[in-house]
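*Asks:* sequence and computational prediction follow.
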Amino acid sequence: MSEGDLTKNDLKIYMQSYENMILLHKTVLDQQTGMTQLLSDIVQNQNKISDKQMTTCTAIQGITTKLDDCSSKLTDAGIKLDTSTVKLSENLNTHDKESIKEHSKIKNRLYIAYGLSGTIIIGLIGLIWKFADIFFHLGGK
């Protein structure tokens, strides 16, 4: 036998090596198939998560829009409230001024009435004095 000739034992070892290599490739292929299935499941789960996130994002955008509307309405209400407060304050100031003027007029009229009443009372006392004086002078003479 020459160096290049294969023996039956060499051929058997070579065939076992080939069989082992095929088994190895089959095992790797089975593992890759399992991994492919796992990756497919992961992709499906990620798609579901993505759909849920999109739904949540749409809901959040709706909430944000409603909050913006509420904010603008509150701003408008605040402006109207400020305007109403200013008008009310002006009305109160005007009312206070008018009230003070009216009270002053009433106070002045009361002073005039007191003065006139005093004058009338003094005049009546003077008349009574004069009548009494006349009466006593006539009755005494």
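*Replies:* Noted; the coordinates are in hand. Please read these numbers as outputs of a predicted model, since none were measured by experiment.
*Asks:* please, which helix or strand holds residue 31?
*Replies:* helix 8-140 (DSSP states H and E).
*Asks:* so which elements touch that helix?
*Replies:* With contacts taken as 3 or more CB pairs under 8 Å, 6 or more residues apart in numbering; DSSP states H and E, helix 8-140 sits against no other helix or strand. Quick note: C-beta positions are derived from backbone N, CA and C, even for glycine.
*Asks:* give me the distance from that helix to the chain's centre.
*Replies:* Per CA atoms, centre = their mean, to the nearest Å, the displacement of helix 8-140 from the mean C-alpha position of its chain is 4 Å.
*Asks:* state the mean pLDDT of that helix.
*Replies:* Average pLDDT, helix 8-140: 89.
*Asks:* how much space separates residue 117 from residue 123?
*Replies:* Noted for residue 117: a distance of 11 Å to residue 123, by CB to CB, to the nearest Å.
*Asks:* likewise residue 17?
*Replies:* The span separating residue 17 from residue 123 equals 152 Å under the rule CB to CB.
*Asks:* what does residue 94 give?
*Replies:* Computed as CB to CB, the residue 94 to residue 123 distance reads 43 Å.
*Asks:* please apply the same query to residue 66.
*Replies:* With distances taken as CB to CB, residue 66 is found 82 Å from residue 123.
*Asks:* and what of residue 92?
*Replies:* Using CB to CB, one obtains 46 Å as the distance from residue 92 to residue 123.
*Asks:* same question, residue 98
*Replies:* Residue 98 sits 37 Å away from residue 123, taking CB to CB as the criterion.
*Asks:* then residue 26?
*Replies:* Distance of residue 26 to residue 123, given as CB to CB: 141 Å.
*Asks:* what sits up against stretch 13-31?
*Replies:* Contacts with stretch 13-31, where a contact means CB atoms under 8 Å, 6 or more residues apart in numbering, come from residue 6.
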